[in-house]
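> Okay, here's the prediction I keep looking at, along with the sequence it came from:
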Amino acid sequence: DGGITQSPKYLFRKEGQNVTLSCEQNLNHDAMYWYRQDPGQGLRLIYYSQIVNDFQKGDIAEGYSVSREKKESFPLTVTSAQKNPTAFYLCASSHREGTGLGETQYFGPGTRLLVL
Amino acid sequence: GQNIDQPTEMTATEGAIVQINCTYQTSGFNGLFWYQQHAGEAPTFLSYNVLDGLEEKGRFSSFLSRSKGYSYLLLKELQMKDSASYLCAVRDINTDKLIFGTGTRLQVFP
């Protein structure tokens, strides 16, 4: 089955530690996105990538980094510079704008990050 | 600026009809999406409107009025499993980003 997978489901981070959240898709989508969800707030965009080897900052990129070396993979690193990392992290993917294939974003199951 | 408003919570009875409203302000509109999100799970796509009018898909329908900056999601024949948060999101034509509302938490009672 085609879909988006995220791992792990739960992740614990110690003070000063970098952690990496995995996102993989086999939908043949060019575009991939990382969002953060906090209680009582809408999804906020961290980083996005429209094509391999290219990515742009979203609205809340500080303290995060990404890479896009393969079309299928878009890992997110939460660095020690992110002072309030506890949140639900959602990865999404879509076809790229202008392909005529529709740009609906489909989401992975999410990773819940907790700080110890 | 960009702003999306939707009610925080709604309740309804099993078998009834409920309408969840969403109003938006954006510098450039390029489509509106509705997602369903059960607690602790990922949002799942429900509907997409880019032109004015009603889109029907089974028990769910979505309406858009671009001149009024207004959309609603209509859920018919409510079932207990419809208890979830419903997210309204607008695509901005200038940035191509999705702007999400805070979501409406719907509770369906027997």
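Perfect, I can see it now.

> buried ones in stretch B:33-43?
B:33-37, B:42-43 (16 or more other C-beta atoms under 10 Å in any protein chain shown). Quick note: C-beta positions are derived from backbone N, CA and C, even for glycine.

> before we move on, what about stretch B:3-14?
Here stretch B:3-14 shows B:4, B:6, B:10, B:12 as buried, counting by 16+ other C-beta under 10 Å.

> same question, stretch A:5-12
Buried, per 16+ other C-beta under 10 Å, within stretch A:5-12: A:6, A:11.

> thinking again about what came up before, near chain A, list only the ones from the buried residues of stretch B:3-14.
Restricting the buried residues of stretch B:3-14 to those near chain A by C-beta under 8 Å from any C-beta of the partner chain leaves residue B:4.

> any idea which of the buried residues of stretch B:3-14 is the one closest to residue B:97?
For these, the closest approach to residue B:97 (C-beta to C-beta) belongs to residue B:4, at 12.5 Å.

> partners of the helix or strand hosting the closest one in the sheet?
For residue B:4, the host element (DSSP states H and E) is strand B:3-5. The partner list of strand B:3-5 in its sheet, established with DSSP bridges, is strand B:18-25 (antiparallel).

> quick one: the helix or strand just after the partner strand to strand B:18-25, angle?
Heading C-terminal from strand B:18-25, the first helix or strand you meet, by DSSP H and E, is strand B:29-37. Counting by axes from the mean of the first three to the mean of the last three C-alpha atoms, to 10 degrees, strand B:29-37 points 140 degrees away from the direction of strand B:18-25.

> ok, and what's touching strand B:29-37?
Under the criterion C-beta atoms under 8 Å, 6 or more residues apart in numbering or on different chains, residues A:103-105, A:107, B:22, B:24, B:43-50, B:60, B:62, B:64, B:66, B:69, B:71, B:73, B:84-93, B:96, B:98, B:103 lie in contact with strand B:29-37.

> And the residues you listed, which of them are buried?
Listed as buried from those are A:103-105, A:107, B:22, B:24, B:43, B:46-49, B:60, B:62, B:64, B:69, B:71, B:73, B:84-92, B:96, B:98, B:103; burial here means 16+ other C-beta under 10 Å.

> Point to the residue nearest the middle of chain A.
residue A:34 (2.6 Å; C-alpha atoms, centre = their mean).

> got a list of what the residue lying closest to that residue once chain neighbours are set aside touches?
Spatial nearest neighbour of residue A:34, excluding adjacent residues (C-beta to C-beta, 6 or more residues apart in numbering or on different chains): residue A:46 at 4.3 Å. Taking C-beta under 8 Å, 6+ apart, we find residue A:46 in contact with A:34-36, A:58-61, A:64, A:66, A:76, A:89.

> and what of residue A:68?
Contacts of residue A:68 by C-beta under 8 Å, 6+ apart are A:32, A:49, A:51-55, A:74.

> Where is pLDDT lowest across these?
pLDDT across these is at its lowest for residue A:51, which sits at 92.

> Kindly report the residues of chain B close to chain A.
So chain B meets chain A at B:4, B:31, B:33, B:35, B:40-45, B:48, B:87, B:89, B:91, B:96-103 (C-beta under 8 Å from any C-beta).
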